[in-house]
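# pasting the structure only:
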């Protein structure tokens, strides 16, 4: 039971982090960029976990801030 509570808390934290990162991307680079990043990195049923998705979002944001192109940032994050 305690493990289930921990997993639910982690998921809630990740969703909050996702919203914050998407908001930052929207503020700095525009809505179109945020939509594209979310569409490209969103976890699929077979794919990555939600935690990895949030880490990838963070990586893309950091790379975009450093001046890396959007396509390169997405490709680097997908390799992670």
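Yep, that arrived. Just so it is clear, the model here is predicted, and its values are computed rather than measured. Residues are numbered from 1 along each chain as shown.
# in this structure, which residue is closest to the centre?
Closest to where the C-alpha atoms of the chain average out (C-alpha atoms, centre = their mean) is residue 57, at 2.4 Å.
# So that one versus residue 68, what's the distance?
Distance, residue 57 to residue 68, using C-beta to C-beta, to the nearest Å: 15 Å. Where C-beta positions appear, they are placed from N, C-alpha and C, glycine not excepted.
# swap in residue 49?
Residue 49 is 25 Å from residue 68, by C-beta to C-beta.
# okay, these two: which has more neighbours?
Shown here are residue 49 and residue 68; by other C-beta atoms under 10 Å, residue 68 has more neighbours (15 against 11).
# Over to residue 50: give its phi and psi.
phi -70, psi -30 (degrees, to the nearest 10).
# neighbours around it, how many?
15.
# Then residue 19?
Around residue 19 there are 10 other residues, counting by other C-beta under 10 Å.
# Which strands and helices lie in contact with the helix or strand containing it?
Taking DSSP states H and E as the criterion, residue 19 maps to helix 2-29. When contacts are defined as 3 or more C-beta pairs under 8 Å, 6 or more residues apart in numbering; DSSP states H and E, helix 2-29 packs onto helix 31-41, helix 50-66.
# Fine, thanks again, bye for now.
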